[in-house]
Each structure stands twice: as structure tokens, then as C-alpha cells.
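1. This is a predicted model, with the sequence first.
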Amino acid sequence: MTSHRIALLCVCALAIGGFAPRVLAADTCTVTTTGVNFGTYDPTSATPLNAQGSLFVECGAGSSTTVTMTLSGGGSGNAASRRMSNGTDLMFYNLYLNTGRTIIFGDATGGSSDTCTTGSPTSGTGCTGENPAGKGRNFTRPLYGQVNASQNIGVGTYTDTLTITLTF
């Protein structure tokens, strides 16, 4: 098995940004993300702010590849209590594996890891794979984000850097 780490930068006041493709393991797989765009946060709202992004992995046209994914805790060092910062101000949020936002996407010690298989129509907890003619086998893994409600924070851009590790 080969393990690859990819750093993700999260920017929250307006959005969690998209990321450029990264080549893995001698051009056999590529990974891209669609950022989790939270839009504008209202600190007076009693409702958490939800958003969705995704992780897309494509490997060569050969056989299926099983990929295990883990996600670091970011600046907090703990996947169960992620936070973005703007100077000394902190905004608490998290990323989840399910739409109900009950299974934290973590590193198997703080939250759950996930395993998906390229080319498999349904693999893992929410992954959707394809094996299109003339292209590589792939899967898409949705990422579900949530910013905690009613946080007393200042105006600004909040960021956190996370590392996704893919093992295949």
C-alpha cells in the first residue's frame, strides 16, 4: 500500500476554496476537490451553517483501486473539534461523512476514516464510482461541512489547513 498526503486549506468567512488536481503515485491516480462553500456566516443565527463539497479520485483504466481516506484535525489537532482561525478569533466547524452530519471525517482516532473503490457504483459510506469508456476508473466522495451556530466571533476570513491522506 502507498500512502499519500495532500494538504487542504479551508477558508470560511466566504468559502472553503477549491483545489487544483494533484498527481499521485507516478501518474496512476489524480485527486481533486470541490471546496465546501459555507457562504456568509451569521453569528446571531441559532441554526448551524451547512455546506457540501467533494473529493474526486481517478485512477488508470485498469483494475479497480481501493482507497482509504483519513482527514487530519487541522489547526486544532483534533478531528472532533476542528476550528478555523482569524488572528486570535476561532470559528468552530467540522467535516462529516454523512448528510446527517453525525459521523466526523477524521483519522480513525478522532473521527472515522472511509474506504472507497474506483469504478464501483456504490462503495464505502457514500462514495459513487464510475468506469467510463476511455477514461480511468474513479469515485466521488461527498464532504459535508457544518459551522456551529451562535458563535461570538469577529468579522473576517477564517482559515484552517487540513491534510487528507489517501492510502491505496
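-> Great, that's in hand.

2. May I have the beta-bridge partners of the most centrally placed residue in the chain?
-> Per C-alpha atoms, centre = their mean, the C-alpha nearest to the average position across the chain is that of L143, at 4.9 Å. L143 forms beta bridges with G53, as assigned by DSSP bridges.

3. sec struct for S150, please.
-> Assigned by DSSP: H, G, I helix; E, B strand; the rest coil, the conformation of S150 is coil.

4. List the contacts of it.
-> P43, T44, S45, A46 (C-beta atoms under 8 Å, 6 or more residues apart in numbering). Heads up, the C-betas are built off the backbone N, CA and C, glycines and all.

5. With V147 as the reference, measure out to G39.
-> G39 sits 10 Å away from V147, going by C-beta to C-beta, to the nearest Å.

6. what's the overlap in contacts for these two?
-> With C-beta under 8 Å, 6+ apart, G39 and V147 have common neighbours L49.

7. Compare these two (neighbour count), which wins?
-> V147 (24 against 12; other C-beta atoms under 10 Å).

8. which ones are touching that one?
-> The contact partners of V147, taken as C-beta under 8 Å, 6+ apart, are C12, F38, Y41, P48, L49, M91, F92, Y93.

9. For it, give the beta-bridge partners.
-> Judged by DSSP bridges, the bridge partners of V147 are L49, Y93.

10. Let the chain start at 52 from now.
-> Got it, first residue is 52 now, which makes that one V198.

11. What's the per-residue pLDDT of D165 here?
-> pLDDT for D165: 90.

12. Run a quick neighbour tally on it.
-> D165 - counted by other C-beta under 10 Å - has 22 other residues nearby.

13. Then the one 5 residues further on?
-> By other C-beta under 10 Å, 20 other residues sit near G170.

14. and it, what element?
-> Using DSSP states H and E, G170 sits within no helix or strand.

15. quick one: it and S115 touch, right?
-> Yes. Between G170 and S115 there is a contact at 4.5 Å, judged by C-beta atoms under 8 Å.

16. and for the two, which residues touch both?
-> Common neighbours of G170 and S115 (C-beta under 8 Å, 6+ apart) are G180, N182, R188.

17. Return the members of these classed as buried.
-> In those, burial by neighbour count holds for G180, R188, counting by 16 or more other C-beta atoms under 10 Å.

18. what residues are up against A102?
-> I67, V87, N88, F89, G90, Y195, G196, Q197.
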